[in-house]
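Enquirer: Mind looking at a prediction? Sequence and model below.
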Amino acid sequence: MLEIIGKVHKIIGPVVQARGIVNAKMLDLVEVGEDHLVGEIVKLEGEHAAIQVYEDTTGLAPGSSVYSSGLPLSVELGPGLLGTIYDGIQRPLEVIRDSSNSVYIQKGIHVPPLGREKKWDFKPGIEKGAKVEGGEIIGRLQETAFIEHRVLVPPDVKGTVAWVAKEGSYTIDETVMRVAAASGAETEVKLFQRWPVRKARPSRGRLPLRLPLITGQRVIDTLFPQAKGGTVVVPGGFGTGKTMIQHALAKWCDADIIVYIGCGERGNEMTDVLMSFPELIDPRTKRPLMERTIMIANTSNMPVAAREASIYTGITLAEYYRDQGYHVAIMADSTSRWAEALRELSGRMEEMPADEGFPAYLPTRLAEFYERAGMFETLCGSEGSISIAGAVSPPGGDFSEPVTQHTKRFVRCLWALDRQLANARHYPAISWLDSYSEYVDEIADWWQERSGGEWMDLRHRIMDLLQQEGKLQQVVKLVGPDVLPDTQRIILETCEMFKNAFLQQNSYDKVDMYCTPEKQIKMLRVILDFYKLGLENIKKGANIHQLRKLEVHSDIMRMKFSVSNDEIGKIDTIREKLHKSMQQVAEMYE
Amino acid sequence: MRNGDGMKENKLMEGREYIGISQVTGPLVFVKGIHNVGFNELAEVVDSSGHVRLGMVLEASDGAAVIQIFEGTSGLSIPDTRVRFRGEPLMFGVGSEILGRVFNGIGQPIDGGPPPMIEEMMDVNGLPINPTAREYPRKCIQTGISAIDGMNALVRGQKLPIFSGTGLPHNKIVAQITRQAKIVGEDVQFAIVFAAMGIKHDVSRYFVSNFEASGVLEKVVFILNLADDPSVERMVTPRVALTAAEYLAFHENMHVLVILTDMTNYCESLREISTVREEIPSRKGYPGYLYSDLSSIYERAGMVKGFSGSITQMPILTMPNDDISHPVPDLSGYITEGQIVLERELDQRNIYPPIAGLPSLSRLMKDGIGEGMTRGDHAHIASQLFAAYSHVKDVRALAAVIGEEELTPLDKVYLDFGNRFEREFLSQGEYEDRSIFQTLDIGWKVISYLPKEELHRISEEELNKYYGK
């Protein structure tokens, strides 16, 4: 398979120049030197080629051979992906650890991404003689307790089924079907297939977005919702909680499959996910979260070129499950590190830089990535989606930098993280004044149905109060709150309550870590009632301190902790108490 | 450790010597007409008087190489200089005898003692730790400093830098931590690896005498590259230090505290080399790979499965012009697990340690505190102190505009709380070692100056148990 296609000429960090290159294509996968370091051809010029190498090049010497199989960088797609942790080019890290018997990642290790020994119970769903096309389901197997793996015809295969395996146990290497093309040539179909990472997998077409991606995080679901198939960017300086939000999404969002890409981030954070996910229980399936999760870990000290590849690896795995008819959510933490990897590689190839040293093709690459998200009609005729949440780490927390700015052009939802909020340990530190979601109208029907048609109105009212409060706070900063009339102070008071009792969410509290949509609606209603009734009472002559001293005030403040998701009727009791207390205040002035 | 086949092949070339170099620019030497020289390989450059300097191959191509000379290039001439390639990257000889010894920035002993017994030669560049082999750090280190233990707890295996400024007492704080650091309920002493990068002799002496006074000198490895030592050497100083730490932690199963000071000087050296190599700069002239480079240092902290040792890192960096958005603190903050930020205003008001309440953060604190580790109320009281102190800052800003007299009665209470928090909780003596329980009790004492209704982040039971007690 492997042929020598040239010799190493020059080594500049992760970029290797080779010469004497014959018979190579752009983006071909190559192996460099006697260690067989994995790399990819990124530039061809006459008999010269530039190769980005996915492993550390220390010790590599000019004159070493470059090998190639003529295939592009691809991933293996099949059962066994779920619950596994890979590096940026789909090498299974746990297998590497056990086989190398070292806590470090050594160079030049070649391990297949999917286990070859494990047998899967395959149930064929197709008969001999049937016509099949790419993407069709030919059988099923149980990958984890709740995820059924649908075995697909590879997208480029078409013809008549010449033979299909009986129900039974097979390894992924065994042939389960043979397809005869019109020409008579037969193709073997196995339980797994390969696909180049830089090419989107085909589908029948895109569908409009209409379902929210429920995350159980109140500030997201109620104020700035993400849609299934939508894209969101989360920019924030260090310490503002990007990773916390990504973890919360990975834990609680109602996608079927999670692909978590740790791209150039901390090693301990990946370990945290690895240790906690097998123990955390999915609220919907009651199974460990790890059973629906695939992790890609390319930590900051791992080779920079593999970091560049990691987000493509991640999204290709996601597309494979989408093709089976699942809703997949991707967390990419952080896309800035990916962009920096691009910048580093571009600099080493001496390309002309644009903004802040980033290559001029940065926006094109970002667009290519984010456009692989969406709601699709799959080749097998069902519906599947890919949602992306990409974290951005702007230098100095300044959102005007190129990665944030370009990403904002290609996503439709922004959760801007605010340094002031993070400093006050208000988490999630999503700013209600700077964030937006363009998906509100598209997913409104789903919420309207669950709220008796009230959701849009409730959301609109609270957003309006927050805007008013933003303006009032500027006055307060200059002259203090005392000079404001009580009709305005009730706005400050309600927003303060909303921020503390609703927006802030404690991801370590057993009750508060996840909040159902129904609970969110009820909580929002109570807080808005407080405003409405409070304002009426103030107009009758009551003052703000009276309202703040009501016992029900502290009931509302604590309801996120005191009312669990399966007893939300208690919030109705709090609401009744609120109405009663407000009535009593009103009576004093009548 | 890092001997692939390519390296073994190169071993054959070991000892091959080339006479004459083609160009010298700053700390870089260009050699032509050579064969089979590997990237990152170690080179010995010998001048006409026979003096040997070490260097590292930065760029290797057919018949030519660029070598970065650690010691500097003064005195090198084009025709008389000889270059030998060693066929391996820079290695540091480790063994249990390195404890109590002093090395220069590239790992050669400089204390006049005999060379330490070497048990293993280790590549100073290290290798990335497999995330699946890491052990998640959970054991809280009690530093005896309230601002750290109470609100930004340090966890064994964490990398927690101190973001300081020139003239602030970061050295005192680090010395105090090294004196007082312990794990509650365990009787283990930390071994210390002290790496100096471009710091002054006085500062280095301060640490030496401190370690001496607390009787830990024989538990310290010094890797010193002082202000007047060659700046290029600084590029490997932290790597030599971390190689020593990795040996002690993962071969000798010791708990190691690594102090790297000052990371800003390290980054300056990196920028210097990058400029000489005519690389495309990103922010403020620093190379685009500064993040990756820093992470190859900071990520060498933590704990791994199968070994009981650990590496805890406390890098010190001075923020140029006290600017936390400068590339060095900014990129560091993105890699490290939190930061302890020192504030000049507190220092000027004579509050020691001047640890800024709000921008400081410990990311691993959440998993190292609570029932069974520190105390059940720890997380809530810390969160409440942060929230209240943040409000104090708002009130102070308001008071500066409208005057204290015009504040609401509640805001005046907050102002009072703020002052007490700074005087009683933050402030403590340089030799005052507070237990975690003392710290929490002081926390409750100051928070009790606020009315109960203001404390939304503390549960009812905790209020009943501790409020006003």
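Expert: It's in.
Enquirer: In chain B, where's the longest helix?
Expert: Counting by DSSP state H, the longest helix found in chain B is helix B:378-402.
Enquirer: which of the residues in the helix or strand that comes right after that helix are buried?
Expert: Next in sequence after helix B:378-402, counting helices and strands by DSSP states H and E, comes helix B:409-420. Within helix B:409-420, the residues scored as buried using 16 or more other Cβ atoms under 10 Å in any protein chain shown are B:411, B:413, B:414, B:415, B:417, B:418, B:420. In short, each C-beta sits where N, CA and C put it, glycine included.
Enquirer: Same check on stretch B:108-116?
Expert: For stretch B:108-116, the neighbour count (16+ other Cβ under 10 Å) marks residue B:116 as buried.
Enquirer: For it, which outside residues touch it?
Expert: With contact meaning Cβ atoms under 8 Å, 6 or more residues apart in numbering or on different chains, stretch B:108-116 is reached by B:93, B:95, B:97, B:98, B:101, B:102, B:103, B:104, B:224.
Enquirer: Chain neighbours aside, what residue packs nearest to residue 459?
Expert: Assuming you mean chain A. residue A:222 (6.3 Å; Cβ to Cβ, 6 or more residues apart in numbering or on different chains).
Enquirer: please go with chain B instead
Expert: Excluding the flanking residues, the one nearest residue B:459 by Cβ to Cβ, 6+ apart is residue B:380, at 6.5 Å.
Enquirer: so the one you found makes contact with residue B:456?
Expert: No. Assessed by Cβ atoms under 8 Å, residue B:380 is found out of contact with residue B:456, at 10.1 Å.
Enquirer: re earlier: what subset of the contacts of stretch B:108-116 is buried?
Expert: Buried subset of those (neighbour count, 16+ other Cβ under 10 Å): B:93, B:98, B:101, B:102, B:103, B:104, B:224.
Enquirer: burial of whichever residue of the stretch 151-300 of chain B sits closest to chain A, as a residue count?
Expert: Chain A sits closest to residue B:295 of the stretch 151-300 of chain B, with a gap of 3.4 Å, by Cβ to the nearest Cβ. Residue B:295: 27 surrounding residues under other Cβ atoms under 10 Å in any protein chain shown.
Enquirer: Give me every residue in the stretch 451-590 of chain A lying close to chain B.
Expert: Applying Cβ under 8 Å from any Cβ of the partner chain, we find that the stretch 451-590 of chain A lies next to chain B at A:476-482, A:500, A:508, A:554, A:557-558, A:561.
Enquirer: ok, of these, which come out buried?
Expert: By 16+ other Cβ under 10 Å, these give A:476, A:480, A:481, A:500, A:554, A:557, A:558, A:561 as buried.
Enquirer: ok, the residues you listed vs residue A:101, which is closest?
Expert: Using Cβ to Cβ, residue A:561 is the member of these that lies nearest residue A:101, at 46.9 Å.
Enquirer: Enumerate the residues of the stretch 201-350 of chain A near chain B.
Expert: Taking Cβ under 8 Å from any Cβ as the contact definition, the stretch 201-350 of chain A meets chain B at A:237-239, A:262, A:264, A:266-268, A:270-272, A:274-275, A:297, A:299-302, A:304, A:337, A:340-341, A:343-344, A:347, A:350.
Enquirer: Bridging across strands, which residues link to the residue nearest to the spatial centre of chain A?
Expert: What sits nearest the mean C-alpha location of chain A, by Cα atoms, centre = their mean, is residue A:331, with 2.1 Å. Counting by DSSP bridges, residue A:331 is bridged to residue A:260, residue A:389.
Enquirer: For residue A:538, which non-adjacent residue is spatially closest?
Expert: Nearest non-adjacent residue to residue A:538, counting by Cβ to Cβ, 6+ apart: residue A:486, 4.7 Å away.
Enquirer: what about whichever residue of the stretch 301-450 of chain B sits closest to chain A, how many residues close to it?
Expert: For the stretch 301-450 of chain B and chain A, the shortest gap (Cβ to the nearest Cβ) falls at residue B:325, measuring 3.1 Å. By the criterion of other Cβ under 10 Å, residue B:325 has 15 neighbours.
Enquirer: now residue B:75, what's its secondary structure?
Expert: Look at residue B:75: counting by DSSP: H, G, I helix; E, B strand; the rest coil, its state is coil.
Enquirer: Look at it and say how many residues are nearby.
Expert: 12.
Enquirer: I'd assumed residue B:46 was in contact with it.
Expert: No. Applying Cβ under 8 Å as the test, residue B:75 and residue B:46 come out as separate, 11.2 Å apart.
Enquirer: Point me to the helix or strand that includes residue A:530.
Expert: With DSSP H and E as the test, residue A:530 turns up in helix A:517-540.
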